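K.L.:
Provided below are the primary sequence and the corresponding predicted coordinates.
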Amino acid sequence: SQTIHQWPATLVQPVGSPLSLECTVEGTSNPNLYWYRQAAGRGLQLLFYSVGIGQISSEVPQNLSASRPQDRQFILSSKKLLLSDSGFYLCAWSPGGGLIFGQGTRLTVV
Amino acid sequence: GENVEQHPSTLSVQEGDSAVIKCTYSDSASNYFPWYKQELGKGPQLIIDIRSNVGEKKDQRIAVTLNKTAKHFSLHITETQPEDSAVYFCAASKGVGRLAFGKGNQVVVIP
């Protein structure tokens, strides 16, 4: 069966520090992968999606970037975090139509 | 782009009663409408979905109805139980995975 792993579960980082969140999917090949952000009291905002290795599409301009170095690995990064980058980050993959989400990373920038 | 609105933002129901959450969408080309349940500190879980060629779909105590003409769809939960308390998100999509989400609805089931 397919599973999606996302880590770390929680992270506290100072302003200006770098960020790297990792997501991996098991049990499938060439999945469509997504990074969403959920701010407090708001819905989920699509940040990036990828249909294959090295293929990244950005939905909104921001302080973040994404990379897909391997078929089932999706990484969310930042060179210098801002206070406004705080939120709940969710990785997801699409088996067709809907999305299967990971358990999320709670990022607090202090 | 697609704009999904969800209401009410908070809904309290007595255990055993029914709960209904409504969503509207703006893009008539959207053809896939999933509903997600999110418990505190966890990622959203898909609970039911419907495609535009179907008007209603049911899975045990939950059902979704779609009105393409009016561009709205609803989640119905019958015989609510305390474990149904969560945040529920609706979404709409024209393509695989690129979902536009509503802002969520907090459902509280009162024992």
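P.N.:
Right, received. Where do you want to start?
K.L.:
So which bits of chain A are right by chain B?
P.N.:
Proximity of chain A to chain B, by CB under 8 Å from any CB of the partner chain, involves residues A:6, A:32, A:34, A:41-46, A:49, A:90, A:92-94, A:96-104, A:106. In short, each C-beta sits where N, CA and C put it, glycine included.
K.L.:
Of the residues you listed, keep whichever come out buried.
P.N.:
A:6, A:32, A:34, A:43-46, A:49, A:90, A:92-94, A:97-102, A:104 (16 or more other CB atoms under 10 Å in any protein chain shown).
K.L.:
Quick one: the strands in chain B, in order.
P.N.:
With DSSP state E, the ranges of strands along chain B come out as B:4-7, B:10-14, B:19-25, B:32-38, B:45-51, B:56-59, B:62-67, B:72-77, B:86-92, B:100-101, B:105-110.
K.L.:
Counting by contacts, list what the third one packs against.
P.N.:
Helices and strands in packing contact with strand B:19-25 are listed as strand B:4-7, strand B:10-14, strand B:72-77, strand B:86-92, strand B:105-110; criterion 3 or more CB pairs under 8 Å, 6 or more residues apart in numbering or on different chains; DSSP states H and E.
K.L.:
what's the average pLDDT for the first one?
P.N.:
For strand B:4-7, the mean pLDDT works out to 89.
K.L.:
so what strands line up beside it?
P.N.:
Here strand B:4-7 is paired, per DSSP bridges, with strand B:19-25 (antiparallel).
K.L.:
Next up, the contacts around A:Pro95.
P.N.:
Contacts here follow CB atoms under 8 Å, 6 or more residues apart in numbering or on different chains; on that basis A:Pro95 touches A:Gln2, A:Thr28, A:Pro31.
K.L.:
List only those of those residues flagged as buried.
P.N.:
For the contacts of A:Pro95, buried by 16+ other CB under 10 Å: A:Pro31.
K.L.:
hmm, who's touching stretch A:47-59?
P.N.:
Contacts for stretch A:47-59 (CB under 8 Å, 6+ apart): A:30, A:32-37, A:45-46, A:60, A:62, A:64-71, A:74, A:76, B:97-98.
K.L.:
on that earlier part again, which single one of the contacts of A:Pro95 is nearest to A:Lys80?
P.N.:
Ranked by distance to A:Lys80 (CB to CB), those are led by A:Pro31 at 29.9 Å.
K.L.:
Find the nearest non-adjacent residue to residue 8, please.
P.N.:
Using chain A here. In space, and not counting its chain neighbours, A:Pro8 is closest to A:Thr105: 6.0 Å by CB to CB, 6 or more residues apart in numbering or on different chains.
K.L.:
look at chain B instead
P.N.:
In space, B:Pro8 is closest to B:Asn105, 6.6 Å off (CB to CB, 6+ apart).
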